[in-house]
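Asker: what's the 3D shape of this:
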Amino acid sequence: MELSVLFIGLLLLIMVAMLVMNTAYLTRFYELRLQLTLKKAYHQVDQHVSAKEGADQEYFTQSFRSIEHSGNISLVVSDPEFSPVIVVNREEDDIMAARLNAYSMGLDQENVTIIEQKENYVIQKKPDDKYQMEFLEMWGTLPSSSYHFMMRIPMDSIRMNASISNEFILYTMLLTGLVGIILIGWLSQRIAKPVKELTEISARMANLDFNAKYTSGGRNEIGQLGENFNRMSETLEKAISELKTANNELQKNLDEKTKIDDMRREFLSNVSHELKTPLALIQGYAEGLQDSVADDPDSREYYCEVIVDEAEKMNALVQKLLTLNQLEFGEEEVELVRFDLAELIRGKVNSSRILADQKGASLEYDGPGELEVWGDEFKVEEVLTNYLSNAINHVDDDERGRSGSPRPSVSSETEEVSSAAASGKTKGGRRIIVRAGVKEDNSTVRVSVFNTGSHIPEEDLDKVWDKFYKVDKARTREYGGSGVGLSIVRAIMESFHQEFGVQNTEDGVEFWFELEYAGSKSSRNGEERSDADAPDRASDRKMRRAREAAEKEALKRMKKEMQKDDVALDAEWVSTTNDS
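Answerer: Model (predicted):
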């Protein structure tokens, strides 16, 4: 719009200037042109008139006629005695001859306006009363022949021509102005449209919107500018995309570094805390042995057993941390094979039943006799072992677990567990149930380990998978827990890309995990390979079952001996107190 106004204003200014110049100076311009015409005619006349030969009549009757008609010139030439020699335009013969004589004698000078006066001629304006008009006159003598001459042109024709010319120019300018305004509007719109589009594109690009493209085209400078805008938009978009990607990668690295630093600090803090108590016990009992606090062999043996037991706990913690580290950093290879999960569960239940009996709890398996799944059998066994260990360590009476009433003292609980184990019956409602079955989608198997006991607070359900996290730190210390077992479970299940979790039930807590069902159509491709490896897996499983059974039996004997030592020490302490 501004461009249109500018062009139209410029056009109008030019038109007005032309009109003013034409009105003010056109008449004067005509006069100057007629003066030049008179001078030209003067030189032509002087060339064709001589003192010896007189006037060239042929020239004046033929060639000079063109000058006469083009300039509307009247001419009279007289000899030195003022006798007319040449007369052009016979109607003014007598008048011009008489006026030439009068001018030559210095007469008839009224109302004369001299325009130019030279040695041989005078150019002037003078009104003619007879014709009632003003003439532009030139008179004098011819240098080559000393003949007298006079030429004149009527001024009215000049003014009329100037007036007609002014009127024509006015109409022409009006028409030209109208057409010019239309053309300027169209041209301005044509120019302004791509410029406006480029302005909008630049504004969108300033807001990082690189989807804006110049579409008007054209091969002129604006079209080339638009193409350059498009290329610049694509280049900027690519550069900013790469920059954002680099920034995101950098931020990711920074977050990862911060996370690793936090994990390192937390790990060192937790490990220090976990090792502080067993180290303190080892140091205390070792110093007791060094200072001969325990004089009798039984006491020294008890001290040594405590030291060994705490050392074994620290060793187990270190082994679990190493296993967890390998799982989290992907150093452990996951070998997915097809195996009988039901057989694995029955083996773990049978080997763990002795520990459940010591807690006065029943341990049962509720599931099919055969259940083929895909997974890493040894890692699945590790998950099941951690779930069963966690369930055995936290199993409690249904009533006490839900009400949250205080647990019995260590001595009374030990007596109850011992009597229950001796009678082969479980106390109250202490139950541990391992359930397994195919889900409704017929592609997934869910295994759950349920135990009666206290509920896990809802705010802690998502935290139990964190390293060293313990809901009940005091009780965890009682059974030697480190808070790493469930972290190992999470690492294993994440390496399987399978689901796992924990939930509170009406009378206890249930941990669960899922595996791919081997009976599904998508998992039949590796059946031949898994069947070929079956004998090796069965042999490894039997060896591990035998080793676990031996370890559990040794653990059972050790705990019974520790209970006897506790009773003996209590009796010794009571006897010493009575003697004192």
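
Asker: roughly how far apart are the residue of the chain positioned farthest from its centre and Tyr147?
Answerer: Outermost residue of the chain with respect to the C-alpha centroid, by Cα atoms, centre = their mean, is Glu81; its distance is 107.5 Å. Here the criterion is Cβ to Cβ, to the nearest Å. By it, Glu81 lies 10 Å from Tyr147. For the C-beta atoms, the positions are set from N, CA and C on the backbone; glycine is no exception.

Asker: check Tyr303 too.
Answerer: From Tyr303 to Tyr147 the distance is 163 Å (Cβ to Cβ).

Asker: looking at this structure, which helix is longest?
Answerer: Secondary structure of the chain per DSSP state H: the longest helix is helix 221-290.

Asker: of Tyr303 and Tyr147, which one has the most company?
Answerer: Under the criterion of other Cβ atoms under 10 Å, the comparison of Tyr303 against Tyr147 puts Tyr147 first, with 22 against 18.

Asker: which residues touch the more buried one?
Answerer: Val49, Ala51, Ala55, Val77, Ser78, Asp79, Pro80, Val85, Thr141 (Cβ atoms under 8 Å, 6 or more residues apart in numbering).

Asker: can you report phi and psi for it?
Answerer: phi -70, psi 150 (degrees, to the nearest 10).

Asker: give the bridge partners for Glu372, please.
Answerer: Asp340 (DSSP bridges).

Asker: what pLDDT, on average, does the longest helix of the chain get?
Answerer: In this model, helix 221-290 carries a mean pLDDT of 79.

Asker: please shift the residue numbers so they start at 320 in all later answers.
Answerer: Renumbered: residue one is now 320, and that last one reads helix 540-609.

Asker: that one packs against which elements?
Answerer: helix 474-525, helix 616-647 (3 or more Cβ pairs under 8 Å, 6 or more residues apart in numbering; DSSP states H and E).

Asker: and of those, who's closest to Lys786?
Answerer: helix 616-647 (7.1 Å; Cβ to Cβ).

Asker: quick one: mean pLDDT for that closest one?
Answerer: 75.

Asker: which residues in the stretch 720-869 of the chain form strands?
Answerer: Ranges of strands in the stretch 720-869 of the chain, per DSSP state E, counting those that start in this stretch, are 750-757, 763-771, 819-823, 827-836.

Asker: neighbours of Leu641, how many?
Answerer: When neighbours are counted by other Cβ under 10 Å, Leu641 registers 11.

Asker: what is Glu829 paired to in the beta sheet?
Answerer: Bridge pairing for Glu829 - DSSP bridges - gives Phe769, Gln822.

Asker: so it makes contact with Phe819?
Answerer: No: the criterion here is Cβ atoms under 8 Å, and Glu829 misses it with Phe819 at 11.8 Å.

Asker: of those two, who's got more company?
Answerer: Neighbour count, other Cβ under 10 Å: between Glu829 and Phe819, Phe819 has more, with 20 against 17.

Asker: from Val653, how far off is that one?
Answerer: 15 Å.

Asker: contacting residues for Asp785?
Answerer: Counting by Cβ under 8 Å, 6+ apart, Asp785 has contacts Ser806.

Asker: what's the separation between it and Leu805?
Answerer: Relative to Leu805, and taking Cβ to Cβ, Asp785 is found at 8 Å.

Asker: same question for Phe529.
Answerer: Taken as Cβ to Cβ, the span from Phe529 to Leu805 is 49 Å.

Asker: ok now the longest helix of the chain, how far from the chain's centre?
Answerer: Taking Cα atoms, centre = their mean, to the nearest Å, the mean C-alpha location of helix 540-609 is offset from the chain mean by 21 Å.

Asker: for stretch 324-336, same thing?
Answerer: The answer for stretch 324-336 is 49 Å, by Cα atoms, centre = their mean.

Asker: do stretch 604-615 as well
Answerer: The answer for stretch 604-615 is 71 Å, by Cα atoms, centre = their mean.

Asker: helices along the stretch 670-819 of the chain, start to end?
Answerer: With DSSP state H, counting those that start in this stretch as the criterion, the stretch 670-819 of the chain has helices at 696-713, 717-722, 729-742, 792-797, 804-815.

Asker: report the mean per-residue pLDDT for the fourth one.
Answerer: Here helix 792-797 scores 50 as its mean pLDDT.

Asker: pLDDT-wise, which helix or strand of the chain ranks last?
Answerer: helix 729-742 (a mean of 40; mean pLDDT, DSSP states H and E).

Asker: list the contacts of Met812.
Answerer: Met812 touches Val702, Glu818, Phe819, Phe832, counting by Cβ under 8 Å, 6+ apart.

Asker: Met452 versus that one, what's the distance?
Answerer: 122 Å.

Asker: for Val714, same thing?
Answerer: 140 Å.

Asker: the two: which is more packed in?
Answerer: The neighbour comparison of Val714 against Met452 (other Cβ under 10 Å) goes to Val714, with 26 against 13.

Asker: still on that earlier bit, separation between the residue farthest from the centre of the chain and Glu553?
Answerer: 98 Å.

Asker: over to Lys571?
Answerer: Counting by Cβ to Cβ, the gap from Lys571 to Glu553 is 27 Å.

Asker: and what of Glu546?
Answerer: Taken as Cβ to Cβ, the span from Glu546 to Glu553 is 11 Å.

Asker: same question, Val637
Answerer: 57 Å.

Asker: what's the answer for Thr491, then?
Answerer: 52 Å.

Asker: also Gly838?
Answerer: Counting by Cβ to Cβ, the gap from Gly838 to Glu553 is 53 Å.

Asker: among those two, which residue is more densely surrounded?
Answerer: Ranked by neighbour count (other Cβ under 10 Å), Gly838 and Glu553 place Gly838 first, with 15 against 12.

Asker: what residues are up against the more buried one?
Answerer: Glu691, Val757, Asn761.

Asker: again, only this time at 7 Å
Answerer: Glu691 (Cβ atoms under 7 Å, 6 or more residues apart in numbering).

Asker: again, but for Glu629
Answerer: Contacts of Glu629 by Cβ under 7 Å, 6+ apart are Pro597, Leu600, Ile601.
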